[in-house]
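**Q** Show me the folded form of this:
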Amino acid sequence: MSDSFSNRISTPKRGVFLALIVLIFFISALVSLVQLRESIQILEARYGTSVWSMFQLRIEMRRFYDALDYYHEDEHDVERIQERYDLLWSRFPVLLEGLDGEHLHNVEQGTLILQNAFSELKKQEAEVFEQLASDPRSAQRVRDAISPHLAAIERLTLENYHLNNEAFNRGDAQIAALQQKLVILILGLIISGSLLLHMVVKENRRNRYQALHDSLTMMPNRAYLRRELTDLCNRRRPFAMHMIDLNGFKDVNDSLGHHTGDLLLKAVAARLVELVDHHHKSLTCRLGGDEFAVLQYGVATEDEMQPVIRQIIDALEDEFLVEGHACYIGASIGSVLYPEHGHDASTLLSRVDMAMYKAKEQGPTSSARLFQLEMDKWQQRRHQLNRDLREAIASGGLHIQYQPIVSLSDGSVRSLEALLRWNHPELGPISPLDIIDVAEQYGVANELGCWIIERVCQQYQQWLESDTDMPPVSINISPSMYRLDLVDTITQLIRKYGLSDGNIWIEVTEDTTMKVIKEAEIVLSELKEHGVSIALDDFGTGLSSLSHLQQLNLQALKIDRSFVKDIICCETSAALVKNIIAIGHDLGMRVVAEGIEDRDSAALLARYGCDYGQGYLFSRPLLPAQIPGFCRQYGLHQSVLLMRAG
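**A** Numbering: from 1, shown residues only. Have a look, this model is predicted:
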């Protein structure tokens, strides 16, 4: 019947009929939208869609946790767990970087809970993508690691829901008034229902898009890259991948603020797309933070990679103008080739990350490294050190030695430097720099730092209990300890072991301190107020300037051994050292020269006015039991009085 009626309507009348329906639809929709706008404003005041996003995160985390629980050690289960991992990963940036994340600031510790959970998830990536297939126990370890964070996120989800629910209850009166107005628009609401359905479909598409794209730059993200890599590997298409870490980005972020940092990341993304992707038919993804990846299609040799690498470096070394600020950064680039360096996405991502890490070690200037098989051994060694370091801290596998620092004028002992030692049962002696590097990368640095500080305070107490007067002991702190409550930790341990003001010094490295200059200025000033003196270690090798030195409350300056070792044979080194000593004295600091190994160098440093010396000429690092005898031999009492008076 309807068909016959439709057939009786002429074409011109159909157009008029359609126009009339569209007109009714849009008029009703427009009036409804005005009312809905008021409703939405009320809802936005109640934290918007953060409830929906939090429930999605909770669901994905529960699915990942359950997938680990039902792991049956076969390839299908591994792939399912890895897929769940990528989906869970993609949910965090939505809440941490998007508008929904701002709403969660209203929930107590909401952002901190998400950051801690995301940080723990990142730490488990190696377990999920490298260890799980070969070590079934990895599933249990990952479950144990994320279990407390899952509970915290479930609590946060409920708290956020209740917070929204309370807001909704407060606005019931307003919503009721709006509902009365909307009653007269029933026909419009029915039509708007269709529009709402369209919006739901569109929202689902947006969520799928967000799962595969970065919320800040709208670039493909890590999950998208992994999917693309898997597809290329399955089709056995040759390609190259370049992982990019921005040099100097943290300085911009710290000095100009996170807003400027975000704008800089957007500018970097746009420049890579314009200058690299469009010219070389490649794909740029943002992996998170200041890391990007460029997928270069159809590349089979190292020579074919070079134009893109060169283009990336040139693009990022040019000036970025962000809100009137001239920003200069560079790039550390790691590269891999398929199939030469791996046959699956996990292997390639792991190896390109190794190559990028090696490129970053080459210094602050832009550099690139191609993966080499030797890097696998290096990475395996780091994983072993990470695993064994935790056990060494707990079981006493680490120990402290002490190297005297003497007066260059009278040879008396002025202080001691505590030096970390680890004789690994399989790998032998491990460099302190390697220990700190591994501890920083794998999140053990705070635990290690607290252990060192307490062990030194405990040893100092033992010396005092044996009626031995001792000089101050300086302790090196690692970069992440600036984020710890360092002042409270040190002062509590000093009180716990009955030490006096001036017994414990802190040494901070120049490079690390200048990268976190704002945090360092506050922490170091508070330490000085509590009677803890500060020495700047390795001066001359990092990023400091005279203006930075004036900002920090420092009492001593330590000249790096790289300047000291050539002062006899190199006039330039001698002039530099002489000027550094003068600068230190002008700023009211005592100056210590490190790495002194011969008497001629010591004599020259004394003529230049250097206060103290440290090196094998005076003593190698000593065991705690050897220190009292050494101090008595070199006239401790006079030096201690001078140090405390100075």
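**Q** which stretches of the stretch 1-150 of the chain have low pLDDT?
**A** 1-29, 31-33, 35-50, 72-76, 98-101 (pLDDT under 70).
**Q** repeat for the stretch 301-450 of the chain
**A** 363.
**Q** Now with 80, please.
**A** Along the stretch 301-450 of the chain, the model assigns pLDDT under 80 to residues 361-364, 373, 375-380, 382, 441-442.
**Q** Could you pull out the helices in the stretch 301-450 of the chain for me?
**A** Here the stretch 301-450 of the chain has its helices, by DSSP state H, counting those that start in this stretch, at 302-317, 345-360, 374-395, 432-441, 445-465.
**Q** of all the ones you listed, which lies closest to residue 241?
**A** helix 345-360 (5.4 Å; Cβ to Cβ). From N, CA and C alone the C-beta is placed, and that goes for glycine too.
**Q** Run the angle between the closest one and helix 374-395 for me.
**A** When axes from the mean of the first three to the mean of the last three Cα atoms, to 10 degrees is applied, the directions of helix 345-360 and helix 374-395 differ by 90 degrees.
**Q** Tell me the helices and strands packed up against helix 345-360.
**A** Packing partners of helix 345-360 (3 or more Cβ pairs under 8 Å, 6 or more residues apart in numbering; DSSP states H and E): helix 222-235, strand 239-247, strand 330-338, strand 367-370, helix 374-395.
**Q** Quick check: phi and psi on residue 292?
**A** phi -130, psi 160 (degrees, to the nearest 10).
**Q** From residue 331, how far off is the closest residue to it other than its chain neighbours?
**A** Using Cβ to Cβ, 6 or more residues apart in numbering and skipping residues adjacent in sequence, the residue nearest residue 292 is residue 244, 4.4 Å away. Distance from residue 244 to residue 331, counting by Cβ to Cβ, to the nearest Å: 5 Å.
**Q** on contacts alone, who are the packing partners of the longest strand along the chain?
**A** For the chain, the longest strand by residue count, based on DSSP state E, is strand 413-424. Judged by 3+ Cβ pairs under 8 Å, 6+ apart, strand 413-424 is in contact with helix 374-395, strand 398-407, strand 428-430, helix 432-441, helix 445-465, strand 473-476, helix 627-633, helix 636-645.
**Q** between the ones you listed, which gets nearest to residue 112?
**A** Closest approach to residue 112 among these (Cβ to Cβ): helix 445-465, 15.6 Å.
**Q** Tell me the buried residues in the closest one?
**A** Judged by neighbour count using 16 or more other Cβ atoms under 10 Å, the buried positions of helix 445-465 are 445-446, 448-457, 459-460, 463-464.
**Q** Return the distance of it from the chain's centre.
**A** 27 Å (Cα atoms, centre = their mean, to the nearest Å).
**Q** who's in contact with it?
**A** By Cβ atoms under 8 Å, 6 or more residues apart in numbering, the surrounding residues in contact with helix 445-465 are 389-390, 393, 398, 400, 418, 420, 435-436, 439, 470, 473, 475-481, 483-484, 489-490, 493-494, 496-499, 503-504, 624, 627-628.
**Q** Name only those of those that count as buried.
**A** So, by 16+ other Cβ under 10 Å, the buried ones in these are 389, 393, 398, 400, 418, 420, 435-436, 439, 470, 473, 475-481, 484, 489-490, 493-494, 497, 499, 503-504, 624, 627-628.
**Q** Find residues that contact each of residue 244 and residue 331.
**A** What both residue 244 and residue 331 touch, as defined by Cβ under 8 Å, 6+ apart, is the set 312, 316.
**Q** Now do the helices in the stretch 151-300 of the chain.
**A** Taking DSSP H, counting those that start in this stretch, the helices of the stretch 151-300 of the chain run over residues 172-183, 186-212, 222-235, 249-256, 258-272, 278-280.
**Q** picking up where we left off before, check contacts around the residue nearest to residue 292.
**A** 291-294, 312, 316, 331-333, 356.
**Q** ok, what's across the strand from it?
**A** For residue 244, the beta-bridge partners under DSSP bridges are residue 292, residue 333.
**Q** can you check residue 612 too?
**A** In this entry, residue 612 is beta-bridged to residue 407, residue 592, by DSSP bridges.
**Q** wait, isn't it in contact with residue 594?
**A** No - counting by Cβ atoms under 8 Å, residue 612 stays clear of residue 594, with 9.8 Å between them.
**Q** So those two - more neighbours on which side?
**A** residue 612 (26 against 22; other Cβ atoms under 10 Å).
**Q** Residue 310 - how many residues pack around it?
**A** Neighbourhood size, residue 310 [other Cβ under 10 Å]: 11.
**Q** ok, now the one 4 residues further on?
**A** Counted with other Cβ under 10 Å, the burial measure for residue 314 works out to 13 neighbours.
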